[in-house]
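>>> predicted model follows, preceded by the sequence.
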Amino acid sequence: MTIPLTDVKAQYAPLLADVRAAMDGVLERGQFILGPEVRAFEEEAARFLEASHAVGVANGTDALVLVLDALGIGPGDEVICPSFTFYATAESIARRGATPVFADIDPGTLNLDPADVAERVTPRTKAILAVHLYGRPAPLDELPDGIPVVEDAAQAFGARLGGKRVGAIGVVGTFSFYPTKNLFGLGDGGLVVSNDPELADRIRLLRFHGSRDKERFDAVGYNSRLDELQAAVLRVFLGHVDEWNEARRSAAARYAELGLGELCELPPDEPGHVYHVYCVRTRERDRVAAALRGQDIGCATYYSTPLHLQPAMSSLAGGSLPETERAAQETLALPLWPAITSAQQEEVVECVRSALALRAAS
Ligand SMILES: Cc1ncc(COP(=O)(O)O)c(C=O)c1O
């Protein structure tokens, strides 16, 4: 592809020597599960995220399931979440036998609309699962009081809301280290963060079969551990994530400077946004996407079918979510990664411009 949607290799290429050294260290030690690298990464990530506790797990989906389990959420309970998000958000709720209750989004930010969330609260509501979509902090301080907030921060490592890192602003938060994320591993990985020691301890227990010592089993748990190789690599990348996020923010600003805002609606900037995905809006979304693909330029629709319209969720009551459904028709992710060049961004903007000029002429 001439210009990919994202370029992970370009991100780690300058760090290859450090990555190889970190992996060699693990190979020499010969301990691959729950060893010193995981412990060190948990401490360093907790410090970075300004949280008291961090627990490494196998991936961001498991992180959510473990959290809901630790909060005692199960059959008969409702959890309010967005429908405009990756499937794992609602899947984790359903996996626990609880009911995802979908709330609509604010069309400006594409994050949960707090007023719509408030209307969906019932006596069965046990938590609100707020997603920091595309790296933009969700409006946690505007959500209804008195209901535990779980942050799905899979797309927002390093983002800030009102000066605080997202993740441990709510009761508990989860991250994914899938290889395109702002902080990524070379495979799957995930993290749970919290300021609640008991909750963190419960997650630690659950991630290893409900046992602390492999002899006594106190709970029916999971096998969901971050491994030593991933932790060693994540420790290398953690030292660069702020600089990468700044570079993402600069690239987002550059799209505006290049005049993209005359062609489509740009994501409104805010200081804590870390642009995991750079997503624009236009009614001509499909035309623009076809033009980009025609020029071998990466783009994607996150998410063209919202979760309340997915076959697996169709049995849930709830009705339509007008802003979610409109966003699903109009949003398009454009190429963005920390090292994207001005020339590459100019090419993207020119391609969007000519797609829309052709439309105007026809
Ligand atoms: C919002 C959101 N939640 C959860 C996940 C699940 O993370 P993982 O792929 O590590 O299981 C993702 C990952 O893509 C995500 O974007």
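Nice, I can see it.
>>> for Gly35, give me its contacts.
Residues in contact with Gly35 (Cβ atoms under 8 Å, 6 or more residues apart in numbering) are Arg29, Glu228. C-beta: built from backbone N, CA, C; applies to glycine.
>>> how does it look with 10 Å?
Gly35 makes contacts with Val26, Arg29, Asp227, Glu228, Ala231, Ala232, as judged by Cβ atoms under 10 Å, 6 or more residues apart in numbering.
>>> just Ala13 next, same as before
Applying Cβ under 10 Å, 6+ apart, the residues near Ala13 are Asp7, Val19, Ala339.
>>> by neighbour count, which of those wins?
Asp7 (19 neighbours; other Cβ atoms under 10 Å).
>>> distance of the closest residue to that one other than its chain neighbours relative to the ligand?
Among residues not flanking Asp7 along the chain, Trp337 sits closest, at 4.9 Å (Cβ to Cβ, 6 or more residues apart in numbering). Distance from Trp337 to the ligand, counting by Cβ to the nearest ligand atom, to the nearest Å: 16 Å.
>>> now do the contacts for Trp337.
Trp337 touches 4-11, 180, 244, 247-248, 251, 275, 278, 344, counting by Cβ under 10 Å, 6+ apart.
>>> out of those, the closest to Ile128 would be?
Tyr275 (24.1 Å; Cβ to Cβ).
>>> burial count for the closest one?
Tyr275 has 27 nearby residues by other Cβ under 10 Å.
>>> which residue packs closest to it, ignoring adjacent ones?
Arg248 is the one closest to Tyr275 (Cβ to Cβ, 6+ apart), at 4.2 Å.
>>> sec struct for the one you found, please.
Following DSSP: H, G, I helix; E, B strand; the rest coil, Arg248 is assigned to helix.
>>> separation between it and the ligand?
16 Å.
>>> list the contacts of that residue.
135, 158, 182, 273-278, 336-338, 340.
>>> looking at those, which two lie furthest apart in space?
Gly158 and Ile340 (18.0 Å).
>>> interface residues of the chain facing the ligand?
Residues of the chain lying close to the ligand (Cβ under 6 Å from any ligand atom) are 59-61, 85-86, 88-89, 131, 152, 154-155, 176, 178, 188, 190.
>>> buried subset of the contacts of Trp337?
Burial by neighbour count, 16 or more other Cβ atoms under 10 Å: within the contacts of Trp337 this picks out Pro4, Leu5, Thr6, Asp7, Gln11, Trp244, Ala247, Arg248, Ala251, Tyr275, Tyr278, Gln344.
>>> name the SS class of the last one, please.
Spelled out, that is Gln344. helix.
>>> mind listing what it touches?
Thr2, Ile3, Pro4, Asp7, Ala251, Ile297, Pro335, Leu336, Trp337.
>>> tell me the phi and psi of the fifth one?
In terms of degrees, to the nearest 10, the main-chain angles of Ala251 are phi -60, psi -40.
>>> pretty sure it is touching Pro335, no?
Yes: using Cβ atoms under 10 Å, Ala251 is in contact with Pro335, at 9.0 Å.
>>> now do the shared contacts for those two.
If you check Ala251 and Pro335 against Cβ under 10 Å, 6+ apart, the residues they both contact are Tyr278, Gln344, Gln345.
>>> could you find the closest non-adjacent residue to the first one?
Put plainly, it is Tyr278. Leu336 (3.8 Å).
>>> tell me who's in contact with the spatially closest residue to Tyr12 that is not a sequence neighbour.
Spatial nearest neighbour of Tyr12, excluding adjacent residues (Cβ to Cβ, 6+ apart): Val19 at 6.2 Å. With contacts defined as Cβ under 10 Å, 6+ apart, Val19 is in contact with Tyr12, Ala13, Leu186, Ala232, Val233, Val236, Phe237.
>>> ok, back up a step: the contacts of Gln344: which two are farthest apart?
Spatial extent of these (Cβ to Cβ) is set by the pair Thr2 and Ala251 at 17.1 Å.
>>> what's near enough to touch Glu323?
Phe84, Asp104, Ile105, Asp106, Pro107, Gly108, Leu110, Asp113, Asp116.
>>> the ligand: which of the residues you listed is nearest?
Lowest distance from the ligand to these (Cβ to the nearest ligand atom) belongs to Phe84, with 10.2 Å.
>>> can you check the pLDDT for that closest one?
Per-residue pLDDT puts Phe84 at 98.
>>> ok, Ala361 next?
Ala361 is given a pLDDT of 70.
>>> also Ala317?
So, for Ala317, pLDDT stands at 71.
>>> then the one 3 residues further on?
As summarised for this prediction, Ser320 has a pLDDT of 90.
>>> surely it touches Asp104?
Yes: here Ser320 reaches Asp104: they are 9.0 Å apart, a contact under Cβ under 10 Å.
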